[in-house]
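Student: Provided below are the primary sequence and the corresponding predicted coordinates.
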Amino acid sequence: MPDKTIQAVTGAYGYSGKYIASRLLAQGQQVITLTDSGQRPNPFGGQVRAVPFNFEDPAALARSLEKVEVLYNTYWVRFNHKLFRHQEAVRNTLALFKAAQQAGVRRIVHVSITNPSESSPLEYFRGKAMLERALTESGISYAILRPAVIFGKEDILINNIAWAVRRLPVFGVFGDGRYRLQPIYVEDLADLAVRCGAGREDEVIDAIGPETYTYRELVRTIARLLDVRCPVFSVPPRLGLLAGQALGWLARDVTITQEEIEGLMADLLYTPSPPAGKTRLSEWIQANADMLGRSYASELARRVDRGAAY
């Protein structure tokens with residue numbers, strides 16, 4: 001299809017999408033972004049044109065993808081809120097896949113999550129599994145990437161744990177804190193996505209980093225590498241949720257949800273697969289200790305203020 005000359009990235013003015021778009025531009029590719037945040041500062045100096053998602057106008061959405069060869073999809077929401085919901089994110093992503101099918105997009109690189117399951121009681125993991133099945137049945141060539149936790153300069157989870165251990169006298173982990181996480185660096189994920197975009201074979205990859213932490217080890221490691229004293233102790237999950245909600249109320253954000261605690265404690269952010277990334281979180285924290293956790297990163301503020309840069 002010689003007329004398919006464009007690479008499309010969802011959310012290229014945001015977090016992981018920005019790093020994917022940056023790599024595509026470095027290859028000399030023509031890149032557009034599908035986004036609800038077209039008014040955010042363009043980090044690419046006008047090299048990446050913003051196109052509205054147009055989820056409610058399927059014909060317009062398909063037209064925006066007519067010359068697209070590969071679609072890199074990072075679109076999702078972390079939790080349910082009055083302004084956005086998992087159910088809506090699933091419906092919109094299905095509309096995106098259908099539009100790509102109608103437009104003749106050659107390949108989709110889709111960012112999912114470790115251990116998705118349509119039988120999961122957790123809407124996040126269930127919705128991700130539904131989307132994976134829809135993509136594999138679409139007839140479009142695909143690569144599905146399953147990260148556990150993504151870290152990097154604009155990250156929220158690792159940054160806000162660092163923010164907390166810098167300021168709180170103690171840090172409570174839910175239950176025994178022995179459930180595991182395998183963080184991958186956002187630039188390693190972007191490298192993997194772009195490499196998969198050039199491929200032809202259908203593939204599903206657990207996009208995990210080279211280090212595995214228990215949640216308790218993760219908090220202790222962050223505190224140690226930041227050289228701050230913050231004892232870590234176990235709290236009942238319900239009490240931990242209440243403490244997180246109180247912190248969220250003060251920060252005007254959602255710091256943690258019941259579903260996120262259940263997903264963590266069910267070990268759903270762990271897989272026995274070999275690492276797909278090479279950057280070690282511990283080394284990245286050491287290199288960025290002066291910056292990490294100095295200010296709170298608000299998920300809600302990013303969702304509400306569509307004109308501010310990350």
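Tutor: Now that the structure is in, tell me what you want to look at. Numbering: from 1, shown residues only.
Student: longest helix in the protein, by residue count?
Tutor: Under DSSP state H, the helix in the chain containing the largest number of residues is helix 86-103.
Student: ok, the residue lying closest to Pro183 once chain neighbours are set aside - contacts?
Tutor: Excluding the flanking residues, the one nearest Pro183 by Cβ to Cβ, 6 or more residues apart in numbering is Val149, at 4.4 Å. Backbone N, C-alpha and C define where each C-beta goes, glycine included. If you count contacts by Cβ atoms under 8 Å, 6 or more residues apart in numbering, Val149 has them with Leu157, Ile158, Leu181, Gln182, Pro183, Ile184, Leu269.
Student: Also Glu154?
Tutor: Residues in contact with Glu154, defined by Cβ under 8 Å, 6+ apart, are Gly14, Tyr15, Lys18, Val186, Ala297, Tyr310.
Student: about what we covered before: would you mind measuring from the residue nearest to Pro183 to Arg40?
Tutor: As for Val149, its distance to Arg40 is 24 Å (criterion: Cβ to Cβ, to the nearest Å).
Student: again with Ala243
Tutor: Counting by Cβ to Cβ, the gap from Ala243 to Arg40 is 32 Å.
Student: How about Phe174?
Tutor: 34 Å.
Student: next one: Phe97
Tutor: For Phe97, the distance to Arg40 - Cβ to Cβ - is 25 Å.
Student: Return the residues in contact with Ala134.
Tutor: Thr93, Leu94, Phe97.
Student: Can you point out the helix or strand that includes it?
Tutor: helix 123-136 (DSSP states H and E).
Student: For that helix, buried residues please.
Tutor: For helix 123-136, burial by neighbour count (16 or more other Cβ atoms under 10 Å) applies to Glu123, Tyr124, Phe125, Arg126, Gly127, Lys128, Ala129, Met130, Leu131, Glu132, Leu135.
Student: Ignoring the adjacent residues along the chain, who's closest to Ala12?
Tutor: With Cβ to Cβ, 6+ apart, the residue lying closest to Ala12 is Thr33, at 3.4 Å.
Student: ugh, wrong one, Tyr185
Tutor: Nearest one to Tyr185, counting by Cβ to Cβ, 6+ apart, is Thr279 at 3.7 Å.
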